[in-house]
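Enquirer: please work out how this folds:
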Amino acid sequence: MMGARVQTPQFKTEYHPSTGRETLYQAFEEFGLREPVCVPPVDAEPWRPFCSRADMEFAEIAADAALNKSHINALLGLMARIADGRTQITFRNESDLHKAWDHAITQVTPFTKTEITVPYKKENRVYTVHSLPLWEWALDLLDNPLLAPHFVWDAQRVYKHNGADFERFYNEPWTGDRWWDVQSCLPSGINAAPFCFILYADKTRLSSHGTVKAYPVVARCANLPVGIRNGEGIGGGRVVGWLPIVEEDADEEGKSGFTNLKCAVWHESFMTFLELVVQYSKTGYSRRCHDQILRWLFPILLILSADYEEQCMMALIRGSCGKCLCPVCLVPLEELRNLSKTFPFRSMQDAVTALNIYKVSKARGEELLKSLGLRPIENIFWSIAYSDPHEAISLDRLHALHGGNWRHLLNELKKILKSLGRDAEAKFEKQIADFPRWRESSHFSTVIHVTFSDGNKMQDLSRQTLYSALNILMQRVSPEGFAILRVISSYLQLDSYIGLDVHTVSTLEAIDNELLVFEAVLNDYIECTTESPIEDLKLDWDFPKVHLWKHATRDIRMKGAARNYSTRPNEKLHGPLKEAYHRQSNGKDVANQVLCIDERKFALKVLRGRVDLFDEQHKTNDSDPDDPDDHAPHHGHVKLGAPQQPVTIEEVENRNSQMPVDRAFKDFRKKFLEYIRAVPGYMGSANILPRNFQIHEHRYLKVHYESTVDWKLTTDYLRCNPNFHGQPCYDCALIRFTSEATVFARLIFMFKCQLEDHRSHEFALVQPYTASIVGAPRRLDREFKLTRVKAVPRSGSIFVPLECFIRGAVLFPDPEHRDEFIVVDHIDSDMFLRIKAWVRHQ
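Expert: Residues are numbered from 1 along each chain as shown. Take a look at the predicted model:
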């Protein structure tokens, strides 16, 4: 007798040898699950030091709404007059609230104000730094019982079975090689583990006219999972420093000595909150962790998250004034767009050696430093053990891609459209305005004469531009336009690949291959523009941002997915600082006032976490009776919403047979009867549907599906609404057509009804995109990696059960070919990977 078949586990995790842990094999449903968290004891009054919960909640509202003194006094005065005795708010004026805020701030490590002295031209210049000691902030995280169970200490190599073998993948920072290498260097036999910091710094304007600026430093802990680390809660980013800004001097600006002064001030300022980090990176810090294991924690700088200008400051390279403009490698200026060639990587040791030579012989040292593109200043990050700033600096999609390369490509596209005349510009604008809407994606009514500074909008625009310009910038009409679209197409491939939240060996190989494609099509475009009569087209593409994504795969292998070092979550923290300045400060002693407000908000986050835990452990009912979503029809992975009044099946058919006639509803009752007859169990012995058969229309659908990127549950929100915000909205979806085939379809009508089996069933009338496209695949589709589908006539609409919906989709109508649509595969990472697989199986 044959034994039971043993199922191959889908995931494998190798732990660093220093942990002594055995390799772990897990089934799909087990991977990523952590051991049950021991819930900390609940404080009976978690809102302390506030007198009551109502006081704390009022303080939260006042802080979040940025209420000023007059607002607070007016609101509390009103509440006091109308109180009916049930409230416990004890505040009577703004002074009471400030006293309570001051008590709350004692729950977190405060900022300190320090003066630093930097010599310049035979004088000492004094600058003020506001800082929160980084290691003290780290201890606050470790002491927080809500965060303690989530810390990950040990490096891991994780694999997923691809059907043939285990393939390594990278997502969190601890799955990268750098964490593994650092842990290999730590002292053995003492349970040593790295405490990994992510640091971000960048100037921002507080005032609308730009005369008042801030220079915040934000810290995140890489040992916490990305959902916590990049979130807005207590485990997310924290402003830990406010750097001084060296005032501009018209007589000094541009001089190397003055630029060196700015760099020296920056690095000297950082020392004010890195002092303990520097010490413990060498000695370690003994700490009993949540799992009751005594560890020696070694703080290291794992990631520096910044735009290019700030990366130059962090690496102390000369930037555009130097011979080697990359903060990571020694690529010369004239080779920046050469993505097929690899240049030596920078190292901290080379920089230290060059500076030591400079200290002995200024002339010889200056020559060496210039050849490396370095400044003659000591880098503060050298003092942190196991922390090379050139390895910590990471590619940032927001500035290098969406606000960098894409901005250049968009400007070129606009110039080319302008050369074709107003008709071409108007046609492009219309097709951008008509682009199908999608949740959380910006919609643009105009583009040509608008400049966007928001990187998120630039990313959304990049995903819509290619499709909107295809029928305008054809090769026979505009060779330059066709060439720039080829570059944009390759750019989109790279952006989608680099933006994946989980990377495998296969996706990293795809990035490296596409970089070669980008180099080739960019060179073709440059060659085309050199002979073009169009004025002002860009000929010099040797600039840093064209080169920086050369290091994308190295960053991913070393530090995990790109979201680990994205500046996006850090730049979101600029908003509250600006709001505090505008609405709660008097414009004087700005840093002190704004940071005090920031401290209050963070302290309230800490208290809110305690109160939420208190509520969680004291709630008696898992569902909210006022939440309509809890009572919406829900079958499997789909959930209907926006219910309409019940109607008869005859009314549905008659309503859509009036002018203009929608042929999708022709013989609606007959077609539905034929459909449910063909499905066993729907109709039993009945052979007819009465004219008064009740149908409950719905105009909203949630589709939950497992992401092909990170295997987590994701949700799409689909509309099937004739009047959604004044416009008809009939979304598309990818559906299971047969046991083997998936197809795209457009929603026409969604409903539920009760059949002869006395159960409620959910259906959709859809227009499938399964019509044959005559002829060989078009050159355009091959050139731009387009996936094309064709809709059947409306009269060929079909019924499908809602359970066959896989996820939503965006289909762009091809203006040149009736009923043909292009699948927008760059709309999100899951669709990008699904289309790659879908095309392979067609």
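Enquirer: so D143 versus V108, what's the distance?
Expert: 10 Å (C-beta to C-beta, to the nearest Å). Glycine gets a C-beta too; all of them are placed from N, C-alpha and C.
Enquirer: how about D710?
Expert: Distance from D710 to V108, by C-beta to C-beta: 32 Å.
Enquirer: re earlier: higher neighbour count, D143 and V108?
Expert: It is V108, of D143 and V108, that has more neighbours when counted by other C-beta atoms under 10 Å, with 20 against 9.
Enquirer: hang on, isn't the more buried one packed against R600?
Expert: No. Proximity of V108 to R600 does not meet the contact threshold set by C-beta atoms under 8 Å, at 9.6 Å.
Enquirer: what about Q658, how many neighbours?
Expert: Per other C-beta under 10 Å, the neighbour tally for Q658 reads 8.
Enquirer: one more: S371?
Expert: 13.
Enquirer: dump the residue contacts of R719.
Expert: Neighbour list for R719: R699, Y700, L701, C729, Y730, D731, L747 [criterion: C-beta atoms under 8 Å, 6 or more residues apart in numbering].
Enquirer: for it, identify the helix or strand it belongs to.
Expert: Following DSSP states H and E, the helix or strand that holds R719 is strand 713-724.
Enquirer: now do the buried residues in that strand.
Expert: By 16 or more other C-beta atoms under 10 Å, the buried positions in strand 713-724 come out as T714, D716, L718, R719, C720, N721, F724.
Enquirer: pull out the buried positions in stretch 589-606.
Expert: 590-591, 593-606.
Enquirer: any idea how far V278 is from L420?
Expert: On the measure of C-beta to C-beta, V278 and L420 end up 59 Å apart.
Enquirer: excluding chain neighbours, what is closest to Y730?
Expert: With C-beta to C-beta, 6 or more residues apart in numbering as the criterion, Y730 has its nearest non-adjacent residue at 5.1 Å, and that residue is L747.
Enquirer: can you check F151 too?
Expert: Closest to F151 by C-beta to C-beta, 6+ apart is N223, at 4.8 Å.
Enquirer: can you count the residues close to that neighbour?
Expert: So N223, with other C-beta under 10 Å, has 28 neighbours.
Enquirer: how near is it to A392?
Expert: According to C-beta to C-beta, N223 stands 15 Å off from A392.
Enquirer: just H449 next, same as before
Expert: Distance of H449 to A392, computed by C-beta to C-beta: 41 Å.
Enquirer: which one of those two has more residues nearby?
Expert: The residue with more neighbours, out of H449 and A392, is A392; 28 against 8, by other C-beta under 10 Å.
Enquirer: any regions of the stretch 551-700 of the chain where pLDDT drops low?
Expert: 620-635, 659, 681-686 (pLDDT under 70).
Enquirer: in it, which spans are strands?
Expert: Counting by DSSP state E, counting those that start in this stretch, the segments of the stretch 551-700 of the chain that form strands are 634-635, 638-643, 647-648, 694-706.
Enquirer: closest one to W242 among those?
Expert: W242 lies closest to strand 694-706 among these, at 43.0 Å (C-beta to C-beta).
Enquirer: what about the helices in the stretch 601-750 of the chain?
Expert: Listed in chain order, the helices of the stretch 601-750 of the chain (DSSP state H, counting those that start in this stretch) span 649-655, 668-677.
Enquirer: quick check: angle from the last one to strand 694-706?
Expert: Here the directions of helix 668-677 and strand 694-706 differ by 50 degrees (axes from the mean of the first three to the mean of the last three C-alpha atoms, to 10 degrees).
Enquirer: what does helix 668-677 contact?
Expert: Counting by C-beta under 8 Å, 6+ apart, 649-650, 652-653, 656, 682-683, 687-689, 691, 693, 755, 763, 765, 798-799 sit against helix 668-677.
Enquirer: which of the buried residues of strand 713-724 lies closest to S340?
Expert: Nearest member of those to S340, counting by C-beta to C-beta, is T714, at 36.0 Å.
Enquirer: the closest one reaches S707, doesn't it?
Expert: Yes. T714 lies in contact with S707 (C-beta under 8 Å); the separation is 4.5 Å.
Enquirer: what's the overlap in contacts for the two?
Expert: Taking C-beta under 8 Å, 6+ apart as the criterion, T714 and S707 both touch D830.
Enquirer: return the helix or strand in this protein with minimum mean pLDDT.
Expert: strand 634-635 (a mean of 55; mean pLDDT, DSSP states H and E).
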